[in-house]
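# give me a model of this one.
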Amino acid sequence: MIRKYREADIEHILDIWLSASIKAHSFAGSEYWQSKVSEMRDVYIPASETFVYEADEQIAGFYCLYGSTLAAVFVSPSLQGNGIGSALIEDAKSRRSCLQLSVYSQNAPSINFYKQHGFISLGEQIDEQTGQPEFIMEHYC
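Numbering: from 1, shown residues only. Model prediction:
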């Protein structure tokens, strides 16, 4: 079931975000992601519309919308490959007629995932925080 985020969800969301970020973005280093947990808690999650995927009373994944930007899509690493990410992305697409996102160019699995869900690449830029190249992608803008 996908539902709106509740404040009681925050620790589960942060755990998923941190473990999935370290797994998918090892090129940035785990210390970098650990240093961003407070910002996620205090800035990014409160500023976004956040939705969680809940199964068996456990949060398995989440996504964040910031306007028409799909700012985050994360699934617990132990549950990846079970359709949770697809359910989250389809739910996000149902809430916006246009979605944009950025994804690190070294993260080939995520790039392929977004392409499978109809996103196209608009170009490349450098992420100011990590210095890593990333693609800008969109869906029906």
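# ok, and the closest non-adjacent residue to Leu70?
Nearest residue to Leu70, sequence neighbours excluded (Cβ to Cβ, 6 or more residues apart in numbering): Leu101, at 4.2 Å. (Each C-beta comes from the backbone N, C-alpha and C, glycine too.)
# SS state for that neighbour?
Under DSSP: H, G, I helix; E, B strand; the rest coil, Leu101 falls in the strand class.
# give me the number of residues near it?
Using other Cβ atoms under 10 Å, the number of residues around Leu101 comes to 21.
# check what pLDDT it gets.
At Leu101, the model reports a pLDDT of 98.
# what of Pro77?
Listed pLDDT for Pro77 reads 95.
# wait, it touches Trp17, no?
No. With contact defined as Cβ atoms under 8 Å, Pro77 does not reach Trp17; the gap is 11.0 Å.
# who has more neighbours out of those two?
Trp17 (23 against 14).
# that one: which element?
helix 10-24 (DSSP states H and E).
# packing partners of the next helix or strand after that helix?
If you walk from helix 10-24 toward the C-terminus, the next helix or strand you reach (DSSP H and E) is helix 30-35. In terms of contacts (3 or more Cβ pairs under 8 Å, 6 or more residues apart in numbering; DSSP states H and E), helix 30-35 is packed against helix 10-24.
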